[in-house]
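> quick one, fold the following:
(2 chains)
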Amino acid sequence: MRRVYVGYKAYLRYAGVIHIVAYPSLFISARITRTRPLFLSQEIPGQGPFPAGIDGKFSLTSEKPQLLPVLKFILNNEDVGTTLPPGMPLLDFIRYHQHLTGTKTGCNEGDCGACTILAGELLHGVLTYRSFTSCLMPLGNAHGKHIVTIEGINMLPALNTIQQAMVDNAATQCGFCTPGFVMSLAGFCLSRQAPTPENAVTAVDGNICRCTGYKSIERAAAAVAAQLVGRNNEEPAQFAAAHQLLPAYFSGIKERLKRLLLSLNGELTPPSGTTPRFMGGGTDLYVQQPEEIQEQPLRFLFGQEMLKGITREDNRCVVGAACTVNDLLASPIMRTYFPALESYVSLISSTPIRNMATIAGNFINASPIGDLTIFFLALDATIELSDGTTTRTLPLRELYKGYKQLDKRPEEYMTRCWFDLPDASTGFHFEKVSKRTHLDIASVNTAICITMKGNLIGTVRISAGGVGPVPALLTDTAAFLIGKAPSGAVIKVACAIAQSEVTPISDARGTAVYKRLLLEQLIKAHFITLFPSLQVELLL
Amino acid sequence: MKNIDSNTHVSGTSVYLDDVPVINGTLFGAAFGSPVAHGTIRELMLEEALQIPGVVRIFTAADIPGQNEIGGIIKDEPLLADHHVHFCGMPVAFVVAHTREAARAAVKKIRVKIDPLPVITDPREAQAKGELIIPPRTFTLGDIDNAWRQCTHIFEGSVDINGQEHLYIETQGAYVIPQENNSLRIYSSTQGPTAVQRAVTSVIGLPMHRFEVIVTRLGGGFGGKEDQANTWAALCSLAAWLLKKPVKYALHRMEDMAMTGKRHPYAADFKIGLNDDYKIIAYEASFFQNAGAAADLSTAVLARTLFHCTNSYFIPNVKATGWSCRTNLPPNTAFRGFGGPQGMYVIEAAIAKAAQALQMDAAVIQKKNLIHTGQEFPYGQIAKSEALTCWEKAEALYNPDDLRKVVNSFNAANKLYKKGIAFMPVCFGISFTNTMMNNARSLVHIYSDGSVGISTGAVEMGQGVNTKILQVAAQTFAIAPERIKLNHTSTYTIANTSPSAASATADLNGKATLMACTTILERLKHVAADGLQAAPEDISIVNEQVLVKGTPSTWDWLQLITAAFRLRVNLSEHAHYRTPEIHFDEVKEKGHPFAYHVYGTAILEVTVDCLRGTYTVDTVQVVHDFGNSMNTDIDRGQIEGGIVQGIGWMTMEEVIYDRDGRLRSNALSTYKVPDIYSVPKTIAIDALQTNDDNLAIFRSKAVGEPPLMYGIGAWFALSNAIRAFHPNADIPFSTPMTPEKVLMALYSKTNQETNQHHEETISHLGIDL
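Numbering: from 1, shown residues only, chains lettered A, B, ... in the order given. Take a look at the predicted model:
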């Protein structure tokens, strides 16, 4: 415990100063946690990871008075606490322990959205709701939040506005995916997004329906957006409660969450004497190792204030490790320096996954086709790792030593990363092609960051994913390009050099021969996008 | 009228298999599937798995008290592998434990030693080696051998059609609860309650009346739960029977994808001959169906391929032969369209090949050859055709000539993007091709308070069949829909049901309901006639009011029912419907197998990104033969959903097995179905309203399967767009047209050159991993 505490002091030395000022209460509660390890359920003799049995009885308060409930949150309109393993997927807790069966199990990997729930939390004093796929969400990440399932937005026997829109537009057939769509649209109603049909559709971009063909759902989404037009700057939850979009209890959640946060004993801590695994958004861990995670001691990094924030320091942008994809998208700094960011981000997973997936998770997962990894490789980002006592930095490009091999010890976790913001003579572009344009993993992805010196290429970095065992920079290609004017002939030679730098394999995302061709095409796409005066014919 | 399940669906209160409240003492199952595709089991090691805390017992073939056999049409499918395994994922053992987690953990600890045998994944290889499910079948019309002489233009080609994963969002599952008197109550997520009942009967070895199969609804089926729900129900029943405990198994998505069959992949060869006037004179096709390791429904699927081998066209000389080829893949099964789509793709490919060689628009050939009323299908039925009417209405409504001009000028102006369009006519026969199956029953009760309960053999899976049945009763009795409730489907209420399939469920069960309601109504009219001193034929009911010669009486529905009840009139009826007129002679391969056909024409427009190989489907514009739709909300939903599912099959949905027969596209992360952004920006649907008498319920033609095949047009529109970029592109007739295939075609050098190397590695059944 002591060691971890020192670790937190180490955070504060470099990054947390601002956070101490802004969020003293969180910091204080974190300190309290250090002296009172509360994660006890795995220490109960004779109890396995599922002490209550999958469909067994579950007590909202601990059976034994001396065992304080570890996890506390508001589930719909009820305060709940549980000593169940914090690595259990929230979906299982909801369905099999709370018997709230409206939330459906579809794919167990965040790819269908049938299990979509909302998580509301106070961020900087503002009540913020986001949609999550509960199959990939550890119970531990519900701590201190308002978790909303379909049951929590029901106003039966009446239908709420969202539900009525779905019925009116015949947007439900077999009905199995429907609660997920309704929840995603509820998340849209509780967000601060402009009430446009396009934004309503974006809210359901992580929901798969196999029956309707989506056209009726598009119509329902537009109808829901139309209901929000009069909201203006009113707080979404208040507006939703006042206009019967959602049940009235939503208007009291903000105050309840404040009280809940005051009552919490800080963050969840892993049992003493264990070497915990680090858990961010969980979006990849629950796909890769769903069973293992549930039984392991975990340290929850998701939403940790000291690991969040996107700030500018001189010409450098500092991004907290626990920033999610949608945090990046919401950042005014990122939007200013990457005007096409929204179009790039729309190619990355889906709304609920973008709400959960962290930048550190994407880097450390070490997937050869991690979208953010490719994005930040081209920016030559530097990452910072901490083991709780000491920190070190290394360029992102040096993190990967081989397929899923990292220059990182198990006790180290990423704290933040930074990169130089592009200047006026620097162009940046990201390309990704997958079998399905959205909500899919890349066949090949690549980013370019190119700084011109007059008409010539000054510096250039081209990252490429899906064409080798690690996400990589095409250094030979870049070396060739430096000092040259971008032209059809130069780009074609660059493409040929790129071929010598990659070793794609055939898999479900495409054959090796395809990936080679695709990489060339995407390099051409970079230049065609960044240099509109290029004669396209010369490249085709 | 909206789907009657709408309110419970949107509020999350609809009950699916995994939502059935679990009773105390329930055990949880998990199947251990074979890790290899073909081999002899030498040793099955269960000791380590039995050590997992919570494991109760592990069942193998040796535990089966009845027959180790669940095959439907052909008895060739063991429930649990005994000595041989025939496909990867074939159930070998069934673990039962106190928790789901323990059962799954135990499955991972099971070890098996299997002596490998040669693995066949390619249907052509299976056919060459004589690995056939049944002998080949051939449909013929005219005189094919002499017809070629009349042809000016003859073209040949080969086709490789991939399968399709159903991807119902609710996975397969069953929950079995022992009852007194050696009976089992079986909750199953099945389209075929009777099929489940028969499978359990076979495995347990007791009569069918011991097994009550209950289905409330499915979270999607699409054919995947027609026969393939049997395995899980039989496994749970076996365990529940032997342990005398409730046993539940809701499959994990990856188990479901790895262990269940899909839409059949087909290889095919075609030869097409046209005369000077571009009339198709002769057509010969050989279909090599990849049936998988057991028959399942493959023989019936193959039959439907032959029935639909000429799609909407009249061809005077036809020879179509189908081989159902046994391979070491999971048994492939029913999927919306049931073999029809594969047959249609091949004739469309043949026409496209001819059009390309003749440097003309395929639509000219398509339109010229549409079947007319009075012309004969290759199986002998005489067409009552709406094909040309649909086509011409589509031309009148959607101005394809203007569309062509827009596309041409877009293509001239754009270097990086090209558009393509294609017509896709559809003609689909409605009825089970196995005539025996075209029957259904409905049980209608009017309770003494005037409320109505209806039970049929139909299974609701989102297609709205229960809504339509409710409409039938509401309209017949002239009462408010709120008075009527549709009950869950149960083999104790309705026996010997055909599965909910073949687009025919609303017709069959609706007609049976109509008969039952009409019979009760006649009795009620007599009651009213006696009470109101009128003749029965003068009695009618309108808006719950009893009318005498059209004039409102003092009686309403409730008084009528009260009077009938007091007079001890039977307020219940169990009606049986069998489709009239249909017949088929499987020796001659001739007959009149379909109650009617559904026609339609779609015009599809796509845009290809010629730099990246990605694409969008911009518009699908349809004229569809609804007959006289009894529920436009439901029918529109079926069409939109069918089109998108068909486009998914033709574009992004790629089932990938490796050479060892292992499924590589085994999760939603590797198998992609359409999402909200990938669907056509516009789907326009116009109803061809026909009021001719037909055998559809209330003349509202079946709508479940036919629209899927409009999606086939997406493949041809994409191929036209590619040719706008590269006129000599090498585009093999290989589905789906993934962004990979588009890019490879866009940059193919000349015919055969680029794609030869490509084909070696991309074959769906042997990707080099």
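
> contacts, neighbours, all on C-alpha from now
Fine.

> what residue in the stretch 351-500 of chain B comes nearest to chain A?
Residue nearest to chain A within the stretch 351-500 of chain B: residue B:462 (3.4 Å; C-alpha to the nearest C-alpha).

> phi, psi for that residue please.
phi 110, psi -10 (degrees, to the nearest 10).

> and the residue nearest to it when sequence neighbours are not counted, how far is that from residue B:5?
Leaving out its chain neighbours, the residue that sits closest to residue B:462 by C-alpha to C-alpha, 6 or more residues apart in numbering or on different chains is residue A:174, at 3.4 Å. For residue A:174, the distance to residue B:5 equals 9 Å [C-alpha to C-alpha, to the nearest Å].

> and these two? Which one has more around it.
residue A:174 (29 against 21; other C-alpha atoms under 10 Å in any protein chain shown).

> tell me which element that one falls in.
Counting by DSSP states H and E, there is no helix or strand that carries residue A:174.

> ok, now which ones touch it?
Residues in contact with residue A:174, defined by C-alpha atoms under 8 Å, 6 or more residues apart in numbering or on different chains, are A:211, B:9, B:217-220, B:460-463.

> about what we covered before: hmm, residue A:173 and the residue of the stretch 351-500 of chain B closest to chain A touching each other?
Yes. Residue B:462 lies in contact with residue A:173 (C-alpha atoms under 8 Å); the separation is 4.1 Å.

> which residues of the stretch 501-650 of chain B lie near chain A?
B:611-612, B:614, B:633-634, B:637-638, B:640-645 (C-alpha under 8 Å from any C-alpha of the partner chain).

> and those, which of them are in helices?
B:633-634, B:637-638, B:640-645 (DSSP state H).

> quick one: these as a markdown table, columns for pLDDT too.
Below are these laid out as a markdown table (pLDDT from 0 to 100):
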| residue | pLDDT |
| --- | --- |
| B:633 | 97 |
| B:634 | 97 |
| B:637 | 98 |
| B:638 | 98 |
| B:640 | 98 |
| B:641 | 98 |
| B:642 | 98 |
| B:643 | 98 |
| B:644 | 98 |
| B:645 | 98 |
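
> just give me the neighbour total for residue A:126.
11.

> quick check: bridge partners of it?
Residue A:126 forms beta bridges with residue A:123, as assigned by DSSP bridges.

> that one and chain B: what is the separation?
28 Å (C-alpha to the nearest C-alpha, to the nearest Å).

> what does the stretch 201-350 of chain B have sitting close to chain A?
B:217-220, B:252-254.

> top of those residues by neighbour count?
Busiest of these [other C-alpha under 10 Å] is residue B:220, holding 30 neighbours.

> surely that one is within a helix?
No. Membership of residue B:220 in a helix is not supported by DSSP: H, G, I helix; E, B strand; the rest coil, which gives coil.

> just want the phi and psi numbers for it.
According to degrees, to the nearest 10, residue B:220 has phi 90, psi 140.

> for residue B:263, same thing?
According to degrees, to the nearest 10, residue B:263 has phi -60, psi 140.

> what about residue B:55, neighbour count?
With other C-alpha under 10 Å as criterion, residue B:55 counts 24.

> I'd like the distance between it and chain A.
13 Å.

> in the sheet, who's paired with that residue?
Under the criterion used (DSSP bridges), residue B:55 bridges to residue B:97.

> so who does the most centrally placed residue in chain B touch?
Centroid-nearest residue in chain B: residue B:336, 2.2 Å away (criterion: C-alpha atoms, centre = their mean). Residue B:336 sits next to B:222-223, B:502, B:704-705, B:708 when contact means C-alpha under 8 Å, 6+ apart.

> since that was my last question, I'll sign off now.
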